[in-house]
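Peer 1: this is the structure alone, sequence omitted:
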């Protein structure tokens, strides 16, 4: 008989109780935040905007044509996926109307771009594109 046979071994739950409690609490709070923030509706908006890249890419192209934007922010960079995740995206009317606000970066500065567009068929028609800058505090209207 081996001496180790007499020492009782702890079960998986006994050995990892602290980690299981912490992980359970984190999952609980993440679920609560997800539900409070709109849950699946917001998630579907963000998933949908990642497939509709044309709408915000064309808005940046239109903004780059504005001389005041070029003067204050310089050439605007394309909007990246992280910027979209940090911003606000709302689809309505069966995903044919989009209201989106996200950060935008240029050679000389940064700001926020607000896009309101309506989809007719496969074409996005812009109702409004506005760029807001903090320093100097200014709002540049591209399309109104």
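Peer 2: That came through, no problem. For clarity, every value in this text was computed on a predicted model and none was experimentally measured.

Peer 1: what residues sit buried inside stretch 89-98?
Peer 2: Buried residues in stretch 89-98, counted by 16 or more other Cβ atoms under 10 Å: 89, 91, 98. C-beta: built from backbone N, CA, C; applies to glycine.

Peer 1: return the subset of those lying in strands.
Peer 2: In strands, judged by DSSP state E, the following of these are found: 89, 91, 98.

Peer 1: straight-line length of stretch 103-115, end to end?
Peer 2: 11 Å (Cα to Cα, to the nearest Å).

Peer 1: mean confidence score for it?
Peer 2: If you average the pLDDT over stretch 103-115, you get 94.

Peer 1: mind listing what's buried in it?
Peer 2: 104-106, 111-115.

Peer 1: stretch 58-78 too?
Peer 2: 58-60, 63-64, 66, 69-70, 72-73, 76.

Peer 1: can I get those in TSV with secondary structure, distance to residue 132 and pLDDT?
Peer 2: Output for the buried residues of stretch 58-78, formatted as TSV (DSSP: H, G, I helix; E, B strand; the rest coil; distance: Cβ to Cβ, whole Å; pLDDT from 0 to 100):
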residue	secondary structure	distance to residue 132	pLDDT
58	helix	19	93
59	helix	14	94
60	helix	15	94
63	helix	12	94
64	helix	16	93
66	coil	14	93
69	helix	11	92
70	helix	16	92
72	helix	11	92
73	coil	11	93
76	strand	13	94
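
Peer 1: tell me, what residue is most central in this structure?
Peer 2: residue 85 (1.5 Å; Cα atoms, centre = their mean).

Peer 1: thinking again about what came up before, format the ones in strands among the buried residues of stretch 89-98 as CSV; extra columns: pLDDT and distance to residue 10.
Peer 2: Formatted as CSV, those follow (pLDDT from 0 to 100; distance: Cβ to Cβ, whole Å):
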residue, pLDDT, distance to residue 10
89, 88, 48
91, 87, 51
98, 92, 55
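
Peer 1: where in the chain is the helix or strand with the lowest mean pLDDT?
Peer 2: Within the chain, confidence by mean pLDDT, DSSP states H and E is lowest for helix 40-51 among all helices and strands, at a mean of 70.

Peer 1: this completes my enquiry, with thanks.
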